[in-house]
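Enquirer: The following comprises the amino acid sequence and a computationally predicted model.
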Amino acid sequence: MKYQKTIKLKDGRTCCLRNAAMADGEAVLAIFMLTHEQTDFLLSYPDENTMTVEAEGQYLQKKADSKNGIEILAEVDGAAAGLAGFEPIGSKYKVCHRADFGISVDKKYWNLGIGTALLKACIQCAKEAGYEQMELNVVAGNDRAIAMYEKEGFVDGLVTEEFACFWTYKVGILTEISLLQRSVDIFQGSVDRLQPFVLLC
């Protein structure tokens with residue numbers, strides 16, 4: 001998928017949001033490693049990454065050429081400041097309407113509006129790709145991120161003592177509510193609360 005937009009940040013600087021491609025392999029790998037060093041709220045630790053610059057470039061080009069996935073790079077003054085993207089949960093009929101979303105922003109660019117801009121860009125692209133639902137896992141203590149997701153229309157489906165999962169943005173109609181129930185069964189005994197999904201028009 002392709003995407004490009006220039007936004008104005010809260011400090012007056014401009015930020016370019018664009019889909020990453022082959023040539024961005026080194027910059028994207030560097031921002032990935034940096035952001036995963038800066039916080040424990042992301043999915044993995046830096047030393048768990050095995051991607052090379054070449055492999056990263058190939059991955060990004062595949063996303064750029066894809067019709068159902070994207071990696072959007074945020075650049076400020078020519079430097080990588082953040083990254084967000086999504087890909088299909090799977091190709092099977094029961095899950096092909098669901099997109100898996102991820103986002104990270106360099107700590108020195110926090111509170112400037114980059115995270116929200118990346119999130120909105122991914123929601124727009126997910127709609128254009130035909131998805132009905134976009135999901136992510138988020139650590140329950142990550143209050144700043146949770147507030148941002150809620151502001152943009154995400155609702156929480158399952159919250160445990162350790163993490164919240166199945167945060168979902170309704171791009172269209174949810175067709176597989178049973179998927180949520182199955183997840184509840186897995187986490188029986190540790191569920192703090194379960195909230196219903198809502199349809200966002």
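Expert: Ah, there it is.
Enquirer: The most centrally placed residue in the chain: what's it in contact with?
Expert: By Cα atoms, centre = their mean, the chain has its centre lying nearest to residue 102, at 2.3 Å. By Cβ atoms under 8 Å, 6 or more residues apart in numbering, the contact list for residue 102 reads 43, 84, 85, 86, 136. The C-beta positions use only the backbone N, C-alpha and C, and glycine is treated the same way.
Enquirer: Likewise for residue 21?
Expert: Counting by Cβ under 8 Å, 6+ apart, residue 21 touches 57, 60, 61, 64.
Enquirer: Let me have those in JSON lines, extended by neighbour count, secondary structure and distance to residue 24.
Expert: Below are those laid out as JSON lines (neighbours: other Cβ atoms under 10 Å; DSSP: H, G, I helix; E, B strand; the rest coil; distance: Cβ to Cβ, whole Å):
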{"residue": "57", "neighbour count": "21", "secondary structure": "helix", "distance to residue 24": "7"}
{"residue": "60", "neighbour count": "25", "secondary structure": "helix", "distance to residue 24": "6"}
{"residue": "61", "neighbour count": "16", "secondary structure": "helix", "distance to residue 24": "9"}
{"residue": "64", "neighbour count": "19", "secondary structure": "helix", "distance to residue 24": "9"}
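Enquirer: quick one: residue 92 from residue 131, how far?
Expert: Applying Cβ to Cβ, to the nearest Å, the value for residue 92 to residue 131 is 14 Å.
Enquirer: The two - which one has more neighbours?
Expert: Taking neighbours as other Cβ atoms under 10 Å, residue 92 and residue 131 compare with residue 131 leading, 23 against 8.
Enquirer: Over to the closest residue in space to the more buried one that isn't next to it in sequence. Which of the three states is it?
Expert: Spatial nearest neighbour of residue 131, chain neighbours left out: residue 99 (4.5 Å); criterion: Cβ to Cβ, 6 or more residues apart in numbering. At residue 99 the chain is in strand, as set by DSSP: H, G, I helix; E, B strand; the rest coil.
Enquirer: how close does residue 99 sit to residue 89?
Expert: 7 Å.
Enquirer: Neighbour count: these two, which is higher?
Expert: Remark: of residue 99 and residue 89, residue 99 carries more neighbours, 28 against 18, as counted by other Cβ under 10 Å.
Enquirer: hang on, that one packs against residue 128?
Expert: No - contact between residue 99 and residue 128 fails when scored by Cβ atoms under 8 Å: they sit 11.4 Å apart.
Enquirer: Where does pLDDT dip in the protein?
Expert: Within the chain, the segments meeting pLDDT under 70 span 157-201.
Enquirer: Which parts of it are strands?
Expert: Shown for the chain, the strands assigned by DSSP state E span residues 4-8, 14-19, 70-76, 79-88, 98-105, 133-139, 158-160, 163-170, 191-193.
Enquirer: quick one: which of those strands is nearest residue 49?
Expert: For the strands of the chain, proximity to residue 49 was assessed by Cβ to Cβ; strand 98-105 is nearest, at 12.4 Å.
Enquirer: The closest one: partners in the sheet, and parallel or antiparallel?
Expert: If you go by DSSP bridges, strand 98-105 pairs up with strand 79-88 (antiparallel), strand 133-139 (parallel).
Enquirer: This completes my enquiry, with thanks.
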